[in-house]
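Enquirer: For reference, the sequence and a predicted model appear below.
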Amino acid sequence: MRDVLMEIRGLSKTFHVSGGGLGRRAREVRAVRDVTLSILAGETLGLVGESGCGKSTLGRLCLALEKPTSGEVRFEGRNIFDLTNLERKAFRQAVQLVFQDPYASLNPRRTAGQTVMEPLWLHASDPGQVPEEARSVMRTVGLSEEHAQRYPHEFSGGQRQRIGIARAIALKPKLIVADEPVSALDVSIQAQILNLMKKLQRDFGLTYLFITHDFSVVRYMSDRIAVMYLGRIVELGSNEAIFANPLHPYTRLLHQAIPVPDPRAKRPGPLAVIDDHPAPEEGCLFYPRCPERFDRCRERRPELFERETDHRVACIRREEGL
Ligand SMILES: Nc1ncnc2c1ncn2[C@@H]1O[C@H](COP(=O)(O)OP(=O)(O)OP(=O)(O)O)[C@@H](O)[C@H]1O
Ligand SMILES: [Mg+2]
């Protein structure tokens, strides 16, 4: 059994968005709804779901970059929204973020070497060691000494993401929240970055919360997978279980939407965008889109329950053993 590194309990985040025009009322966006989830030490937990379902918001909450509306996140036993200054400093070191778009997240006026040294300066016990440590981190992610002098615009997309990863691992973190780390990259480069992340995980015992909307990427990377829909986790299980035996109707639809190499094969088109289906006030949130719905799905909101060993699903049909 692996230890729990991060524990998310009853976590919710609601944004209040102004209506925009005259007389238009403010809207509530319930980005994360009552999520309870553990991240185990040394695992890659994949978080998958379509655009706007709340993945990044959940990731930002896990980094304490966002305050929750309710609920808590415990890291090594402490609620991360309630840390002393000293504890917060340690937390900022132990939990790091890798962004989707390395270009936007790198300072254009800093060389790669300066970018990697920055976190090291902030936390260094021996400043004299910082340049050598930075060189070592850059080698670890496959960049050379010569790269250290270059600016972000002088790199390819894949190399820029290597800098982003170098910055994230510089302080030897325990947990990395990787938010769509390869979505902005060419497909040919994606595998290199994913393999680098796997290697770093083995070498440094890292834990990943790996966020993506891409079902093939999540399958390649994850030990366990959490499927998110409209702010809720609707299915949680091992990689094998989610792919061999998807239980939630939404996960089943995601399966069918995976592109297949054979152009003659008939597959449904991409999933409809969320805004076409406003969230129902009551009952199952997936009801309006669900191919397996029946009347009882409108009566109450299903909670995650263990349908098979270590394989949970939030679905009323599955609750009834169907
Ligand atoms: N700061 C904010 N203010 C208002 N609404 C927000 C804010 N951040 C996110 N949202 C809304 O919360 C919902 C979830 O957004 P989030 O970015 O977490 O989704 P996502 O799953 O990461 O999507 P994507 O795959 O497109 O990155 C969306 O409806 C979004 O518009
Ligand atoms: Mg996002």
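Expert: Structure's in. What do you need? Numbers count the residues shown, from 1 in each chain. Ligands and ions are numbered 1, 2, ... in the order given.

Enquirer: which stretches of the chain have low pLDDT?
Expert: 20-24, 258-277 (pLDDT under 70).

Enquirer: mind listing the strands for it?
Expert: 4-17, 27-40, 44-48, 70-75, 78-79, 95-98, 175-179, 207-212, 224-229, 232-238, 305-308, 311-313 (DSSP state E).

Enquirer: Would you reformat the ones you listed as CSV and include mean neighbour count?
Expert: C-beta here means a position set from N, CA and C on the backbone, and glycine is covered the same way. CSV is the format used below for these (neighbours: other Cβ atoms under 10 Å):
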stretch, mean neighbour count
strand 4-17, 16
strand 27-40, 18
strand 44-48, 26
strand 70-75, 18
strand 78-79, 14
strand 95-98, 22
strand 175-179, 24
strand 207-212, 25
strand 224-229, 25
strand 232-238, 24
strand 305-308, 13
strand 311-313, 22
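
Enquirer: so can I have CSV of these showing distance to A244?
Expert: Output for the strands of the chain, formatted as CSV (distance: least, Cβ to Cβ, whole Å):
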stretch, distance to A244
strand 4-17, 25
strand 27-40, 21
strand 44-48, 15
strand 70-75, 31
strand 78-79, 36
strand 95-98, 29
strand 175-179, 25
strand 207-212, 20
strand 224-229, 12
strand 232-238, 9
strand 305-308, 11
strand 311-313, 10
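
Enquirer: I'd like these as CSV, with distance to ligand 1 appended.
Expert: Output for the strands of the chain, formatted as CSV (distance: least, Cβ to the nearest ligand atom, whole Å):
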stretch, distance to ligand 1
strand 4-17, 3
strand 27-40, 3
strand 44-48, 9
strand 70-75, 15
strand 78-79, 21
strand 95-98, 13
strand 175-179, 7
strand 207-212, 7
strand 224-229, 7
strand 232-238, 12
strand 305-308, 24
strand 311-313, 20
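
Enquirer: which residue is nearest the centroid of the protein?
Expert: Central residue of the chain (Cα atoms, centre = their mean): I211, 2.5 Å from the mean position.

Enquirer: so that residue touches V177, yeah?
Expert: Yes: look at I211 against V177 with Cβ atoms under 8 Å: they come within range, at 7.1 Å.
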